[in-house]
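Student: need coordinates for the following:
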Amino acid sequence: MSKAAENPEVAQLPAEPQVAAPVNTRRAAAQRVREARDRLTSTSGTRPAFDTELLRQYAQTRMSASYVVMLLVVATGALFGVWMQPVSAAAWTCGILCIHAAIIRNCGRFLAQSPSLAATRKWRTRFVLLDLLYGLCWTVILIHPAGLDVASNTLMMFLMLLVIAVSSMLAASLPIAALAATAPVTAAIALNFVLSGTFDNYVLALLALAAEGYFALLAHRLHSTTLATLEARAEKDALIGELEQAKAISDEARHRAESANVAKSRFLAQMSHELRTPLNAILGFSEVMKSEIFGEHAMPVYKEYSADIHSSGVHLLNLINEILDLSRIEAGRYELNEEAVSLVHVVADCHHLLKLRATSRGITIHEMFEQGMPRIWGDERATRQIVLNLLSNSIKFTPQGGEIWLKVGWTASGGQYLSVKDTGSGIAEDEIPIVLASFGQGSNSIKSAEQGAGLGLPIAKSLIDMHGGTFTLKSKLRIGTEVIVTFPPERVMSALAPLAEEAPPLQPETATTASADDKRRTRNKPIMSAGTGL
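Tutor: Here you go, the predicted structure:
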C-alpha cells in the first residue's frame, strides 16, 4: 500500500523584477522639475495655477463677506458719530464704503474673466493696493479718538483687533493683501499710544504689535493650509488623470488581445480543418503502403520510408490535437464531460497502452495501487490524457534500464492522488517554471533526441486545475522526477447505504383496495378532527 501523498504545492513562475521603483523615481523627478518651473514662473513662489486659485478664493471670500464688512463699517461710523462730529463720521463711512464697493466690483470682474498668467499678476497687484487703501481709511478714523481716557483707549484697541481679525480672515488666501490691510492700522494705533507718553499706553502699543504678529501668523497658517489643500487636490487630479490614461491603455490592450484571441481562434479552427483533412489521407495511404496491402515494394527501403511517413504524421496529428486542446483550455471553452471514473482503472489502461514502448527501451514500470478505491466524479477523457502525458514524459526522459513507479492512493484530506516517479535525468529547480509554461522546454528536453512541443505538462496542469485538484512537480538533477496530481475529496464518490424504505409498487392499486383503505382510515379518524381536513 502506498502512503497518502503530502499536500502538494504547485510550482509558481518566478516573479518579474519590480518596476515600481523606477516609475516612482521618474514620477518624483518629473514633479521636482515641474515645481521648479512653476516657482520660476509664479509670482508667489507657488504654481501659477495655485496663484489663480488663491486669488479666486480671495475674491469669493470678499464677495461672500461683503455684507458683514458693510455692517462693521456702518456700526463704526455710527459709534464715532456719537464721539466725534457726525459729518466727519458720515464722510468717513461713505468713503470706506466706496472703497469696499470698488473691491467687490473688482472681485466680480476677476471671477468673470478667464484665468491667465498675466491677468493673475495684474489682479494680484490691484487687490493689494485696494487693501492698502482700505487699511489707510481705517487708520484715519482710529488715530483721532474722542479723548485719551481709558474708554477711548479700550475702544481703539477693540476696533483695531476687530479690523485686524476680519481683514486677516478675509485676505487669508492672499497674505500680502492681509498685511497691507492691517499693518497701517496697527502702526498708527501703536504710534498713537507711544506718543501719549504713559506706561499704560506703551503696554497697549506692545499689545497692538503682538496682536498684529499673531493675526499675521494665523493668516499665514491659513494660507499654508489652503495651499496644502490645493496641492492635494492637484495631486488627486493628476492621479485620476494617470488612472484614466492607464485605463484607456488597458482597454486598448484588452481590445487588441480580444482581437488577437479571435484571430487565433479562427486560425486554429481553419488549421483544424485544413490540416487534419490532408493529414488523415497521408496517414491512411502511408498505413496502406507500410502494410503492403497491394503487394510488396520493389525496393525494401520504401517500406521503411512509409513507416517514417506514418510515424511523422501521427506525431504531427498529436501535436495539432495538443495545440487545439491548450487553446480551448486557455479560452475557457474546454467543457468537462463528468461521469463516474475509476482512477485505478484509467491508470492501468494507460500503463497497458505504453507498456510496449517502455519495454522496448528496457524501462520497468511498477504499479502500487490502493485496493477497493471508489470512483471519482470527473472527465474520463481528461483524466486519461493527464495520465498519458505524465507517463509518456517519464518514458521519454528515463534512460534505458530505468524504472518508473505508478502510485494511486488516498490523500491525507480524503481525496485521491496519482503519482508518476521516474529515475530520469531530472529537471533543474530554476527550470521547473519553464517546463510548466506553454511550449516551455528544459535543457534536458532540448538535448534529448525525442523532443516534443512542451505542451504535455501545461495541459495536464490545466486539466487537473479544472477538476479543482492540485499539481506538484518535484525533481532533482541526476536523481529523477516525481509528478503528483490530486483530486479533491468532494470528487470522491463514497458508497451509499441501501434505502431502508420499501420500494413503491410496480402497478397502481385497484379501486376496490383503495376504497377499503379509505373506509379504514375514515373509521380510525378521531371525532374531533372530522371535517377539519386533518
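Student: so for the longest helix seen in the chain, what's the average pLDDT?
Tutor: Counting residues, the longest helix found in the chain (DSSP state H) is helix 199-291. For helix 199-291, mean pLDDT is 82.
Student: centre of the chain to the helix or strand just after it, how far?
Tutor: Remark: after helix 199-291, the chain's next helix or strand is helix 300-330, criterion DSSP states H and E. Helix 300-330 has its C-alpha centroid displaced from the chain centroid by 43 Å (Cα atoms, centre = their mean, to the nearest Å).
Student: which other helices and strands does the helix or strand following helix 300-330 contact?
Tutor: The helix or strand immediately downstream of helix 300-330 is strand 338-341, counting by DSSP H and E. For strand 338-341, the elements it packs on are strand 376-379, helix 380-397, judged by 3 or more Cβ pairs under 8 Å, 6 or more residues apart in numbering; DSSP states H and E. Yep, even glycine has a C-beta here, placed from its N, CA and C like the rest.
Student: tell me the SS of residue 96?
Tutor: In three-state terms, and counting by DSSP: H, G, I helix; E, B strand; the rest coil, residue 96 is helix.
Student: which ones are touching it?
Tutor: Taking Cβ atoms under 8 Å, 6 or more residues apart in numbering, we find residue 96 in contact with 73, 134, 137-138.
Student: of all those residues, which comes closest to residue 167?
Tutor: residue 134 (7.7 Å; Cβ to Cβ).
Student: circling back to that earlier point, for residue 311, find the nearest of the helices and strands packed on strand 338-341.
Tutor: Closest approach to residue 311 among these is made by helix 380-397 (14.7 Å; Cβ to Cβ).
Student: check which residues of that closest one are buried.
Tutor: Of the residues in helix 380-397, 380, 382-397 count as buried by neighbour count, 16 or more other Cβ atoms under 10 Å.
Student: could you point out which element follows that helix?
Tutor: As assigned by DSSP H and E, the chain's next helix or strand after helix 380-397 is strand 403-410.
Student: ok, back up a step: for residue 492, which of the helices and strands packed on strand 338-341 is the nearest?
Tutor: Between residue 492 and these, the shortest gap by Cβ to Cβ is with strand 376-379, which sits at 5.7 Å.
Student: ok, and what's touching that closest one?
Tutor: The contact list for strand 376-379 (Cβ under 8 Å, 6+ apart) reads 336-343, 416, 463, 467, 487, 491-493.
Student: show me the shaky parts of the stretch 301-450 of the chain.
Tutor: 330-333, 438-450 (pLDDT under 70).
Student: kindly recompute the last result at 80.
Tutor: Residue ranges of the stretch 301-450 of the chain with pLDDT under 80: 315, 317-335, 437-450.
Student: which parts of the stretch 1-150 of the chain are helices?
Tutor: 20-41, 48-64, 66-83, 86-112, 117-142, 150-170 (DSSP state H, counting those that start in this stretch).
Student: could you do the stretch 351-500 of the chain as well?
Tutor: Secondary structure of the stretch 351-500 of the chain (DSSP H, counting those that start in this stretch): helices at 380-397, 432-435, 443-447, 456-466.
Student: got JSON lines for those, with distance to residue 404 too?
Tutor: What follows is those, written out as JSON lines (distance: least, Cβ to Cβ, whole Å):
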{"stretch": "helix 380-397", "distance to residue 404": "5"}
{"stretch": "helix 432-435", "distance to residue 404": "18"}
{"stretch": "helix 443-447", "distance to residue 404": "16"}
{"stretch": "helix 456-466", "distance to residue 404": "15"}
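Student: and residue 300, which of those is closest to it?
Tutor: Judged by Cβ to Cβ, the one of the helices of the stretch 351-500 of the chain that comes nearest to residue 300 is helix 380-397, at 29.5 Å.
Student: show me how far the closest one is from its chain's centre.
Tutor: On the basis of Cα atoms, centre = their mean, helix 380-397 sits 37 Å off its chain's mean C-alpha point.
Student: which other helices and strands does it contact?
Tutor: For helix 380-397, the packing partners by 3+ Cβ pairs under 8 Å, 6+ apart are strand 338-341, helix 343-360, strand 403-410, strand 416-422, helix 456-466, strand 480-487.
Student: out of the ones you listed, nearest to residue 207?
Tutor: Within those, the stretch nearest residue 207 is helix 456-466; the backing value is 79.9 Å (Cβ to Cβ).
Student: now that closest one: average pLDDT?
Tutor: 87.
Student: got the angle between it and strand 416-422?
Tutor: 170 degrees (axes from the mean of the first three to the mean of the last three Cα atoms, to 10 degrees).
Student: if we can go back for a sec, and the helices of the stretch 1-150 of the chain as TSV, adding mean pLDDT and distance to residue 187?
Tutor: Shown next, in TSV, are the helices of the stretch 1-150 of the chain (pLDDT from 0 to 100; distance: least, Cβ to Cβ, whole Å):
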stretch	mean pLDDT	distance to residue 187
helix 20-41	57	31
helix 48-64	82	23
helix 66-83	83	19
helix 86-112	88	18
helix 117-142	84	8
helix 150-170	76	11
